[in-house]
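Chemist: Here is the input, now give the coordinates:
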Amino acid sequence: MASFSEERFPLRVAFGTAGGPERRTDIVRLSNGYENRNQRTRHSWRRYDAGSGVRSVEDLVAVLHFFEARRGRLTGFRFRDPFDFSSAPGGGAATVFDQRIGTGDGEARVFQLVKRYGVDDDAYVRPIGKPVPGSVRVGVDGAELGQGFSVDPSAGTVGFAVAPMPGAVVTAGFEFDVPVRFDMDHLSINIAAFEAGDIPSIPLVEVRP
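Modeler: Now for the predicted structure:
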């Protein structure tokens, strides 16, 4: 069985999910009171608990079916982060000029989709590997393209039929999913407890497919 499925986690459950990015930082306090801080990983990864998005028995059943289809932790899948799913700042509607994904050199024809957080040299550049199919808009030097390029929605790359000219700014706008997996192999469901207000825990963790 494939290690990753392009199927998306049920949207109505995802909209109510809690979670967000996580980083690992080692901190050593020196004898003079200063701190030595070291970032252990280049990229953050995300954790979610989809249990908070379950609002009905129908939602529980949908998650159960999805869990079984993914064989628990075995297979990754797409998940729509309810807080961060668009290339536009603040999660607005995507435009072709949202993100700069590269500069032409006359030879390179493939560019990775990215999203920037922050500005200038302090910006964190996050690779986007799972754009929503059909949502990607591409521009070169301020003009949107209608043809001459293709998008690989399973890898988050944009390929051009002809390499952009040297110095040409390549931009893109898109919606995207997060590649995740279940962080458990046992899905514990109790209908009586759920109806009494006890929400099940359904942990998800980001993966690199």
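Chemist: give the contact list for the residue nearest to the spatial centre of the chain.
Modeler: Centrality entry for the chain: nearest residue to the mean C-alpha point is residue 178, 2.6 Å, by Cα atoms, centre = their mean. If you count contacts by Cβ atoms under 8 Å, 6 or more residues apart in numbering, residue 178 has them with 46, 78-81, 130, 206. Yep, even glycine has a C-beta here, placed from its N, CA and C like the rest.
Chemist: mind redoing it with 7 Å?
Modeler: Neighbour list for residue 178: 46, 79, 81, 130, 206 [criterion: Cβ atoms under 7 Å, 6 or more residues apart in numbering].
Chemist: List only buried entries from these.
Modeler: Among those, the ones that count as buried by 16 or more other Cβ atoms under 10 Å are 46, 79, 81, 130, 206.
Chemist: For residue 61, state which of these is nearest.
Modeler: Lowest distance from residue 61 to the buried ones among the contacts of residue 178 (Cβ to Cβ) belongs to residue 79, with 18.5 Å.
Chemist: The closest one touches residue 11, doesn't it?
Modeler: No. Counting by Cβ atoms under 7 Å, residue 79 does not reach residue 11; the two are 9.7 Å apart.
Chemist: How many residues are close by the closest residue in space to residue 124 that isn't next to it in sequence?
Modeler: Leaving aside its sequence neighbours, residue 124 sits nearest to residue 117 (Cβ to Cβ, 6 or more residues apart in numbering; 4.5 Å). By other Cβ atoms under 10 Å, 13 other residues sit near residue 117.
Chemist: Can you give me the distance of residue 117 to residue 94?
Modeler: Residue 117 sits 16 Å away from residue 94, taking Cβ to Cβ, to the nearest Å as the criterion.
Chemist: Out of the contacts of residue 178, name the two that are farthest from one another.
Modeler: Among the contacts of residue 178, 46 and 130 lie farthest apart (Cβ to Cβ), at 12.2 Å.
Chemist: Out of the helices and strands in this structure, which is least certain?
Modeler: helix 191-195 (a mean of 75; mean pLDDT, DSSP states H and E).
Chemist: what helices or strands is it leaning on?
Modeler: Helix 191-195 sits against no helix or strand, with contacts defined as 3 or more Cβ pairs under 7 Å, 6 or more residues apart in numbering; DSSP states H and E.
Chemist: Which positions in that helix come out as buried?
Modeler: Result for helix 191-195 [16+ other Cβ under 10 Å]: buried residues residue 194.
Chemist: mind checking how far it is from the chain centre?
Modeler: 32 Å (Cα atoms, centre = their mean, to the nearest Å).
Chemist: next SSE after it?
Modeler: strand 203-206 (DSSP states H and E).
Chemist: Show me how far that following strand is from its chain's centre.
Modeler: Centre-to-centre, strand 203-206 and its host chain are 12 Å apart (Cα atoms, centre = their mean).
Chemist: Kindly provide the whole-number mean pLDDT of that strand.
Modeler: Mean pLDDT, computed over strand 203-206, is 97.
Chemist: Tell me where the model's unsure across the chain.
Modeler: The chain contains residues with pLDDT under 70 at 1, 193, 196-197.
Chemist: Swap in 80 and give it another go.
Modeler: Across the chain, the ranges flagged by pLDDT under 80 are 1-2, 90-91, 190, 192-199, 209.
Chemist: In it, which helix is the longest?
Modeler: Ranked by number of residues, the top helix in the chain under DSSP state H is helix 57-69.
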